[in-house]
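S.K.: The following comprises the amino acid sequence and a computationally predicted model.
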Amino acid sequence: MASLIVQKDAAYLMTDSGLFTPSGMLLALAPKVLAVRSQSLAIATTGSLHVGVLAPLLHSIPDWETCDQEVFVRALPGVVRSFYAGEGLDPDQLPSEVFIALYSRRMGRPMGLSFITGFPTLLQDVEPWALKPCLQALTPGVDLQAVYGRDVRLRDPSFVPWRDALPLVEAQRAVREGWGFMPDGVSAVAGEITLTTVSAAGIEYAALHTYADVEGERVAA
């Protein structure tokens, strides 16, 4: 699970910590968001690429901590693509999606970007490796009217993260099909749920909730 929501004053990432086997068993629990404070951004991934793998790859970007923010961001798809090629991995067989929440130094406001490595994904009309603006992405997607029982627009003040994030996660945890790499009937949302806030003030982490999931088992109903 990884959701990106960009609002007027901040960009938010919501992530779980579950890593799963193709059979749907919980393999391990580990953070799924990477803060790059020197670049005023945070990165989350879904699918086959874990941020723990991504972190050391950033060192291949020249002057990655001090280079221009836009240069850094534009380099990210190439860094991931080179990793796939170097490891002999097929991005279509092991697809991933990368979400970037940042506070733009040039624009002076929060922004969101994303790119995919290959297919199959839910974004069949998007070219792999191409950065695109992303103001809202829910992975997995859910019906907001069903979640809240009212009209909620995620990009305006009707969505208050501290109040509304966990009900959204609960609905995403209840999704039991369409994960792609796992069989239907199991969930792929587990462990600690983290809210990452990227704003002019910096990057903040907050633990919203921790599910009592057990490694080696499928996610409880």
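M.R.: Thanks, I have the structure now.

S.K.: How far away from the center of its chain is stretch 159-175?
M.R.: 15 Å (Cα atoms, centre = their mean, to the nearest Å).

S.K.: Alpha carbons of that stretch, as CSV, please.
M.R.: As requested, the backbone C-alpha atoms of stretch 159-175 are provided in CSV (Å, rounded to 0.1, in the frame of the first residue of the first chain):
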residue,chain,number,x,y,z
PHE,A,159,-9.8,15.7,3.9
VAL,A,160,-8.0,16.1,7.3
PRO,A,161,-5.1,13.6,7.5
TRP,A,162,-5.2,13.0,11.2
ARG,A,163,-8.9,12.4,11.2
ASP,A,164,-9.5,10.8,7.8
ALA,A,165,-6.3,8.8,7.0
LEU,A,166,-7.0,5.7,9.1
PRO,A,167,-10.5,5.1,7.8
LEU,A,168,-9.1,5.2,4.3
VAL,A,169,-6.4,2.7,5.2
GLU,A,170,-9.0,0.4,6.8
ALA,A,171,-10.8,0.3,3.5
GLN,A,172,-7.6,-0.4,1.6
ARG,A,173,-6.7,-3.2,4.0
ALA,A,174,-10.1,-4.7,3.3
VAL,A,175,-9.3,-5.0,-0.4
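
S.K.: residues of it that come out buried?
M.R.: The neighbour-count criterion (16 or more other Cβ atoms under 10 Å) identifies 159, 161, 164-165, 168-169, 171-173, 175 as the buried residues of stretch 159-175. Any C-beta I mention is one placed from the backbone N, CA and C, and that applies to glycine too.

S.K.: try stretch 64-78
M.R.: Using 16+ other Cβ under 10 Å as the test for burial, stretch 64-78 gives 64, 69, 72-73, 75-77.

S.K.: how about those residues in JSON lines, adding secondary structure and pLDDT?
M.R.: JSON lines is the format used below for the buried residues of stretch 64-78 (DSSP: H, G, I helix; E, B strand; the rest coil; pLDDT from 0 to 100):
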{"residue": "64", "secondary structure": "coil", "pLDDT": "95"}
{"residue": "69", "secondary structure": "helix", "pLDDT": "97"}
{"residue": "72", "secondary structure": "helix", "pLDDT": "97"}
{"residue": "73", "secondary structure": "helix", "pLDDT": "97"}
{"residue": "75", "secondary structure": "helix", "pLDDT": "97"}
{"residue": "76", "secondary structure": "helix", "pLDDT": "97"}
{"residue": "77", "secondary structure": "helix", "pLDDT": "96"}
